[in-house]
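Visitor: sequence unknown, structure follows:
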């Protein structure tokens, strides 16, 4: 329970800092801390949450868990740093995979590995459930990126097309770009017109009307299928069935 709380609080801390870095005023329809507080107060609050989450992880008194917790935090932060110093307009599948692992899937890995270690699982099962976490985390972020194109702003808690507005090309946009390498609007967003709201809206509509959404959804389902296959290496019981259901829920979110 303590370790689960540590992971959840670590996640919350990353969101506090992310919202400040991105200048986001709302998350899930609710004002962010930096919408009401100074940058200094927001940063210090995020720092406090990081420290508190680390103290909870340390209270497990398991060196492997504490080490993995620290490494996961480094992965999340280094991913954000890399994003700050590299082109956001990248349409590389490899760059995208690295980005979503760092920002999302790494925390799923941490939650799964830590739980298995504390539960005294055999090493083979620890590796299987950790990889399950990575795959489900990747699928979760792909679905989140799909919703950025097809969701409703009041439902997802942020403007539709928000990633493109920030210059981030997620998997649906990458699929569209691969099929339409000469699209003028995409070229504009990757150049002098980066962040232009009218162009963003046009690209969102183009992505929606192409097969890009369906292609991204298929990729998310492939992640989930591989994750579920790994569960065959675990004891088959009610908990395993819940992990199957969790994986399926990840790709069943409203489209």
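Guide: That came through, no problem. Quick caveat: nothing in here was measured; it's all calculated off a predicted structure.

Visitor: ranking helices and strands of the chain by mean pLDDT, which lands last?
Guide: Here the helix or strand of the chain ranked lowest by mean pLDDT, DSSP states H and E is helix 153-156, holding a mean of 52.

Visitor: give the next helix or strand downstream of that helix.
Guide: helix 162-165 (DSSP states H and E).

Visitor: contacting residues for the residue nearest to residue 226 when sequence neighbours are not counted?
Guide: Leaving aside its sequence neighbours, residue 226 sits nearest to residue 135 (Cβ to Cβ, 6 or more residues apart in numbering; 5.3 Å). The C-beta positions use only the backbone N, C-alpha and C, and glycine is treated the same way. Residue 135 makes contacts with 105, 223, 224, 226, 227, 230, as judged by Cβ atoms under 8 Å, 6 or more residues apart in numbering.

Visitor: hmm, try it at 10 Å
Guide: 105, 108-109, 220, 222-230, 247, 250 (Cβ atoms under 10 Å, 6 or more residues apart in numbering).

Visitor: which strand or helix spans it?
Guide: Counting by DSSP H and E, residue 135 is part of helix 123-150.

Visitor: which stretches in this structure count as strands?
Guide: 26-27, 30-31 (DSSP state E).

Visitor: report the mean per-residue pLDDT for the first one.
Guide: Read that as strand 26-27. The pLDDT scores in strand 26-27 average 82.

Visitor: kindly report the same for stretch 69-87.
Guide: What stretch 69-87 shows for mean pLDDT is 86.

Visitor: what do you get for stretch 221-228?
Guide: 98.

Visitor: check stretch 91-107 too.
Guide: pLDDT averaged over stretch 91-107 gives 94.

Visitor: ok now it, how far from the chain's centre?
Guide: 8 Å (Cα atoms, centre = their mean, to the nearest Å).

Visitor: tell me the buried residues in that stretch?
Guide: Neighbour counts over stretch 91-107 (16 or more other Cβ atoms under 10 Å) mark 91, 95, 96, 99, 100, 101, 102, 103, 104, 105, 106, 107 as buried.
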